[in-house]
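S.K.: Okay, structure incoming, though there's no sequence with it:
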Ligand SMILES: [Zn+2]
Ligand SMILES: [Zn+2]
């Protein structure tokens, strides 16, 4: 954009919006304009919602989910099956599985996958906390629902090793998840089917 | 999304983000997660930028541009040619022409086009203010840069009628703008070329 079309406040808004996934520089300008034209209906409420979320967002100390309470909404949901824990890489995968209503289970969010190339080791993930949860008792099945990537599978094997010796059924999502595919992009039917026909490792 | 994945603050953030152009429900969730994972780097600054923009945004009483000052940055720019006024439908068109560095002129933002079907008449646009600006003197050329749609062309003819009797050159963008096309989606080269070869009406 030329140096001085709009005031610095609007320029800053555009620059920050451009950092959102799915918005490039041009769509960020479009979004900014959409916002400033809807000051009371959208711009002000969205700014307030962001400020409030920034104040309230917490990482669940139990499962690694992101929520505005700790323990999170899922961990404190009395209707959840706590004997089954679905291990996912990221909160986005948890959300995807919840959207698919795949299983009324609990979760454990790893916060990523092992990646020697990127210097991500076990201590950078929540694997130790997962082992603690299993050691605390009450968990009978661990469903490892990591992405079907090389790093995901390496991480799965590492977790299985760490859980060796516990009296557990360890399963993974059924094949049906495309090789190399990411959970978060799959349609809900595929996710549900993969969950239903999960197989013992 | 299922009823209770995350707290109401995050749900509200997702719902508001989904109202941005270019973000559907799924990409809004993705954006929300991206934000809450980057609380200090992005969520809090963006919330603050929105609050500040909401406080500061104004419609320029001179030209109809949106800015954080009134008169706007362009209207107060001493380096602008004020004898030439480019008439556009929307601020997004003004931004597009500025990005194309099409002409160092002034602007007049109509705020839409005449549309009997949608009940938009002359009094809903800034046409009267445009005539006032011309009557105040100092303007020698009006470039009507409305979209090449039926409503755009109807609006152009209405404006030309209103400016009848003033000693003005009235031009339009050269053909080169695709018929039915919207300025805001055009590449900058096309916009510049169309501006350079603008023709007298
Ligand atoms: Zn939790
Ligand atoms: Zn102005």
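M.R.: All right, it came through fine. No experiment lies behind these values; they were computed from the predicted model shown. Ligands and ions are numbered 1, 2, ... in the order given.
S.K.: got the contact list for the spatially most central residue of chain A?
M.R.: Ranked by distance to the mean C-alpha position of chain A (CA atoms, centre = their mean), the top residue is residue A:91 at 1.3 Å. By CB atoms under 8 Å, 6 or more residues apart in numbering or on different chains, the contact list for residue A:91 reads A:64-66, A:109, B:33, B:37. Where you see a C-beta, it was placed from the backbone N, CA and C, and this is true even at glycine.
S.K.: packing partners for the longest strand along chain A?
M.R.: Determined from DSSP state E, the single longest strand within chain A is strand A:81-88. Applying 3 or more CB pairs under 8 Å, 6 or more residues apart in numbering or on different chains; DSSP states H and E, one finds that strand A:81-88 makes contact with helix A:91-99, strand A:105-109, helix A:127-136, strand A:141-144.
S.K.: Buried residues, the host helix or strand of residue A:194. List them.
M.R.: Element membership for residue A:194, per DSSP states H and E: helix A:188-196. Residues of helix A:188-196 classed as buried: A:190-195 (neighbour count, 16 or more other CB atoms under 10 Å in any protein chain shown).
S.K.: mind listing the strands for chain A?
M.R.: Going by DSSP E, chain A shows strands at A:58-59, A:66-67, A:81-88, A:105-109, A:141-144, A:169-172, A:199-200.
S.K.: So which of the ones you listed has the densest surroundings on average?
M.R.: Mean neighbours per residue, mean count of other CB atoms under 10 Å in any protein chain shown, is largest over the strands of chain A for strand A:66-67, with a mean of 25.
S.K.: quick check, that strand touching ligand 1?
M.R.: No - remark: strand A:66-67 sits outside contact range of ligand 1, by CB under 5 Å from the ion, the gap being at least 6.9 Å.
S.K.: Name the residues that touch that strand?
M.R.: So strand A:66-67 is contacted by A:57-60, A:72-74, A:91, B:6-7, B:10, B:33, B:36-37 (CB under 8 Å, 6+ apart).
S.K.: CSV please, covering those and showing distance to ligand 1 and pLDDT.
M.R.: What follows is these, written out as CSV (distance: CB to the ion, whole Å; pLDDT from 0 to 100):
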residue, distance to ligand 1, pLDDT
A:57, 13, 93
A:58, 10, 93
A:59, 9, 93
A:60, 3, 95
A:72, 3, 94
A:73, 8, 92
A:74, 5, 93
A:91, 10, 93
B:6, 10, 79
B:7, 12, 81
B:10, 13, 92
B:33, 15, 92
B:36, 14, 94
B:37, 15, 92
